[in-house]
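Peer 1: output the structure for:
(one chain, ligands or ions: 3)
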Amino acid sequence: MSIPVLTCPRCSREWQITGDGRVCCSSCGYETDSYTGAVEYIKMHEGLEIHNDIYAESKLPIYECPACDALALLNRTEASINAGFQFLCFSCGSQWSDNELERCPECIQWKPGEEFEELIICRSAVGFYVCRACYEKIFK
Ligand SMILES: [Zn+2]
Ligand SMILES: [Zn+2]
Ligand SMILES: [Zn+2]
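Peer 2: Ligands and ions are numbered 1, 2, ... in the order given. Model (predicted):
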């Protein structure tokens, strides 16, 4: 799958995710790191008001990418879903659809569904699923 071409926030021409942690525009030369790129995307497309006092990583729908570990995975809201992907990493350009990633209740990051392990709590019949990284941490 090819990396989607975004719209440059400065000149509205093509804004390309380079795949190595940058997003750059060849028309006006605007280039930024992947996290800032994701923030710019939210500002432009999600209609989200970003005030300085909520300008915190935890308040934005940006998560760690399960493919490259960069904090640049954007979970798009319904308002902007029409390109066929729900999750887009601004660092490596990976994309996932809605049902391909699940949120780990332990580390609250999005991970591919097949990476989940069932955690059986002692003497409880009910298990819950955590991502493999959290599972390994718990059973170390
Ligand atoms: Zn531009
Ligand atoms: Zn990535
Ligand atoms: Zn986890």
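
Peer 1: quick one: the helices in the protein?
Peer 2: 34-45, 132-138 (DSSP state H).

Peer 1: so which of the ones you listed is the most surrounded?
Peer 2: Sort those by mean neighbour count, taking mean count of other CB atoms under 10 Å, and helix 34-45 sits at the top with a mean of 20. (C-beta placed from N, C-alpha, C; glycine too.)

Peer 1: packing partners of it?
Peer 2: strand 5-7, strand 14-17, strand 22-25, strand 62-64, strand 71-75 (3 or more CB pairs under 8 Å, 6 or more residues apart in numbering; DSSP states H and E).

Peer 1: now do E14, the pLDDT please.
Peer 2: Note on E14: pLDDT of 95.

Peer 1: please disregard the earlier target; I meant S34.
Peer 2: pLDDT at S34 comes out at 96.

Peer 1: ok, it - contacts?
Peer 2: For S34, the contacting residues are 17, 21-23, 70, 72, 89-91, by CB atoms under 8 Å, 6 or more residues apart in numbering.

Peer 1: so where's this structure shaky on pLDDT?
Peer 2: 1, 46-59, 77-85, 121-126 (pLDDT under 70).

Peer 1: what parts of it come near ligand 1?
Peer 2: By CB under 5 Å from the ion, the residues of the chain that approach ligand 1 are 8, 10-11, 25, 27-28, 30.
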